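>>> What would the 3D arrangement of this be:
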Amino acid sequence: MSHSSTPLPPLDALRAFEAAARLGSFSAAANDLHLTHGAISRQVAKLEHWLGERLFDRQARGVALTPQGQRLHQRTSEAFALIADSSDRWIERRGAAIVRLTSIPSVSSLWLMPRLKAFEDGDPSLRIEFVVEHRNIDLEAEGIDLAIRCGRGILPGRMSVRLFEEQCFPIASPALAGALGAGAPERLLDYPLVHDSDASAWRAWFAAQGMDYRPRPQDRRFEDYNLVLDAAAHGLGIALARPPLAGDALRTGRVAAVDSRMVVNPVSYWLDRTPSRLRPSAAELARRIMAEAGVNGADARTFLSA
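From the prediction side, this is the model:
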């Protein structure tokens, strides 16, 4: 049988087949798709001809799938569900302006979550949908409106604005902080140092003290800053406070400062979007995030401009 240049079967016929298979009759499928019974029958016949296989057994009351039809129905159901899920990312849901915002776990839980209610207040239709992700994903392909990331600069193909930098300083459990006391920076090296996947902040801190630091076997690495804070709070070593992410842990006394000397983290936090125009709900959330982070008006306007 000669097919067209594309390997796909006729999509209108697949839609008619899926409805008939799901509902168990051509009449019900016709009602579901707002077509006639004859139109459904013709579409199914066209698909059967294209495939060279019989998909339904016609019965007195409705139709029953053949084994070939059952296999095709499973595949088409999965495919249509995937398409519906992907399409939903691009459509404003009725009654709610859904904004899809992606960020790494630590920013999501330590900075975004405590501010979520404030970001949504004043606009009862605005809802933020978190997409927690370590990778720098393709925002357009994933249907993402906004992204907050930790990095060293603007990424190609994105509009970016710096939200804030971090003034880092060493912290530990209250007991360990008390044992350390004040003194020279070298005293910290008597204990394991805790960091996430990037140890550049520790290197910068020691460099500011005139010392060269390289991670050692006794130092501990965790992929997420939530775990870095937990490790420090449980006395597993000394970490760096990264305000504002560490703010709650310091205020509640889970951790305490062990040295007042600060250094700017070589990485910063950025708000990203694609170059295409932001939907109104996403633009409003971006304004609220930038205002909370203290972004100046000129930079905020540049970020929001098309």
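>>> any idea how far residue 65 lies from residue 44?
11 Å (C-beta to C-beta, to the nearest Å). In this view, the C-beta of every residue, glycine as well, is placed from N, C-alpha and C.
>>> who has more neighbours, the two?
residue 44 (24 against 18; other C-beta atoms under 10 Å).
>>> ok, now which ones touch that one?
Residues in contact with residue 44 (C-beta atoms under 8 Å, 6 or more residues apart in numbering) are 13, 16, 17, 20, 26, 55, 56.
>>> Out of those, which is nearest to residue 201?
The nearest member of the contacts of residue 44 to residue 201, counting by C-beta to C-beta, is residue 17 at 57.6 Å.
>>> Can you report how many residues lie near that closest one?
With other C-beta under 10 Å as criterion, residue 17 counts 27.
>>> Remind me which helix or strand it belongs to.
Per DSSP states H and E, residue 17 falls inside helix 11-23.
>>> Look through the protein and report the residue furthest from the middle.
residue 60 (50.9 Å; C-alpha atoms, centre = their mean).
>>> Surely that residue forms part of a strand?
No. Checked against DSSP: H, G, I helix; E, B strand; the rest coil, residue 60 lies outside a strand; its state is coil.
>>> please begin residue numbering at 477 from this point
Done: numbering now begins at 477, and the last item shifts to residue 536.
>>> just the CA coordinates of stretch 711-720, formatted as CSV?
The C-alpha trace of stretch 711-720 is given here as CSV (Å, rounded to 0.1, in the frame of the first residue of the first chain):
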residue,chain,number,x,y,z
GLY,A,711,26.9,19.7,63.4
LEU,A,712,28.4,18.0,60.3
GLY,A,713,30.6,20.9,59.5
ILE,A,714,30.8,24.6,58.6
ALA,A,715,28.8,26.0,55.8
LEU,A,716,28.4,29.4,54.2
ALA,A,717,25.3,31.5,54.9
ARG,A,718,23.8,32.6,51.6
PRO,A,719,21.4,35.4,52.4
PRO,A,720,18.5,35.5,51.8
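>>> low-scoring pLDDT stretches of the stretch 627-776 of the chain, where are they?
The stretch 627-776 of the chain contains no residues with pLDDT under 70.
>>> can you rerun that using 90?
627-634, 640-642, 656-659, 672-676, 691, 699-700, 719-720, 723, 741-744, 750-757 (pLDDT under 90).
>>> Run through the strands of it in chain order.
According to DSSP state E, counting those that start in this stretch, the stretch 627-776 of the chain carries its strands in the segments 635-640, 643-648, 670-671, 696-697, 715-717, 732-733, 739-740, 744-749.
>>> Give the other helices and strands that the second one contacts.
In this structure, strand 643-648 packs against helix 676-684, strand 715-717, strand 732-733, strand 739-740, with contacts taken as 3 or more C-beta pairs under 8 Å, 6 or more residues apart in numbering; DSSP states H and E.
>>> anything in contact with each of residue 541 and residue 520?
With C-beta under 8 Å, 6+ apart as the test, residue 541 and residue 520 both reach 531, 532.
>>> Can you name the residues in contact with the biggest helix by length in the chain?
In the chain, taking DSSP state H as the definition, the longest helix is helix 543-564. With contact meaning C-beta under 8 Å, 6+ apart, helix 543-564 is reached by 490-491, 493-494, 497-498, 527, 529-532, 541, 619.
>>> can you pick the most crowded of those?
That'd be residue 493 among these, by other C-beta under 10 Å, with 27 neighbours.
>>> residues contacting that one?
519, 520, 523, 531, 545, 548, 549, 552 are the contacts of residue 493 under C-beta under 8 Å, 6+ apart.
>>> got a markdown table for those residues, with distance to residue 650 too?
Shown next, in a markdown table, are the contacts of residue 493 (distance: C-beta to C-beta, whole Å):
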| residue | distance to residue 650 |
| --- | --- |
| 519 | 71 |
| 520 | 72 |
| 523 | 70 |
| 531 | 70 |
| 545 | 68 |
| 548 | 64 |
| 549 | 62 |
| 552 | 60 |
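>>> For PyMOL, what selects the buried ones among the residues you listed?
Of these, the buried ones can be selected in PyMOL as follows, counting by 16 or more other C-beta atoms under 10 Å:
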select buried, resi 519+520+523+531+545+548+549+552
